[in-house]
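Visitor: Got a predicted structure here, sequence first:
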Amino acid sequence: MNDQNDKREEQEEVGLYEKLASRTADLLEEGKKTFDEALKKAKEELSSAGDFSREQADKLGEYVRRDLKENADKAKDAVIKAVEPQRVAVGVQSAFTRILTSAAETLTELAEKSEKALEFKTGEITSPGTLTCKECDAEMHMTKTTRIPPCPKCHKTVFRKSY
Ligand SMILES: [Zn+2]
């Protein structure tokens, strides 16, 4: 794969990730759905519309869930404060804000799945935040949704994330 193809594929995945997060938020706002149901429905809709392959939908769905969970952990005490628009990058974060404020059960639901520390790996798509290399502690500050590159310092591929 050459660099140009790689870049195009990254743009495409970032776009799909944001579309999926945003559609999940829409479905939650329409009501009567848990986060899991809304995410599942958003995946089905977008893959049957031909935007996603089923495999891509599952993969990006897991990325969205993980990033949202990270946001939810930070937001336990004050959801609105933690995700208020001026404190975070725009774009996908507004979808997270909508998800967190429209599903009362979302925080509990996600908290139950948060026992283990999450790893973020090179090649995965993630929302804005700071990634710290587990090998050398170098930090990368992401200001928009992006595909995770290797560590700029030691070229390792495993990170933890903070906001
Ligand atoms: Zn490193």
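Guide: On my side now, so go ahead.

Visitor: Quick check, E70 in contact with G129.
Guide: Yes: under the criterion of CB atoms under 8 Å, E70 makes contact with G129 at 7.4 Å. The C-beta positions use only the backbone N, C-alpha and C, and glycine is treated the same way.

Visitor: Who is the nearest residue in space to K134 that is not next to it in sequence paired with across the strands?
Guide: With sequence-adjacent residues excluded and distances taken as CB to CB, 6 or more residues apart in numbering, K134 is closest to V158, at 4.7 Å. With DSSP bridges as the criterion, V158 is bridged to K121.

Visitor: Counting neighbours, what do you get for V158?
Guide: 14 (other CB atoms under 10 Å).

Visitor: Quick check: the gap between it and the ion.
Guide: 9 Å (CB to the ion, to the nearest Å).

Visitor: Identify the residues contacting that residue.
Guide: For V158, the contacting residues are E119, F120, K121, T122, C133, K134, E135, by CB atoms under 8 Å, 6 or more residues apart in numbering.

Visitor: Only the buried subset of the residues you listed, as a ChimeraX command please.
Guide: Command for ChimeraX, covering only those of the contacts of V158 found buried under the criterion 16 or more other CB atoms under 10 Å:
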select :120,133
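
Visitor: which among the contacts of V158 are in contact with the ion?
Guide: C133, E135 (CB under 5 Å from the ion).

Visitor: how about a markdown table for the contacts of V158, with pLDDT added?
Guide: Shown next, in a markdown table, are the contacts of V158 (pLDDT from 0 to 100):
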| residue | pLDDT |
| --- | --- |
| E119 | 85 |
| F120 | 92 |
| K121 | 94 |
| T122 | 96 |
| C133 | 96 |
| K134 | 93 |
| E135 | 94 |
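
Visitor: just curious, which of the contacts of V158 is nearest to E18?
Guide: F120 (17.4 Å; CB to CB).

Visitor: Would you mind confirming that the closest one is in contact with T126?
Guide: Yes: the pair F120 / T126 is scored as a contact, 6.0 Å apart, by CB under 8 Å.
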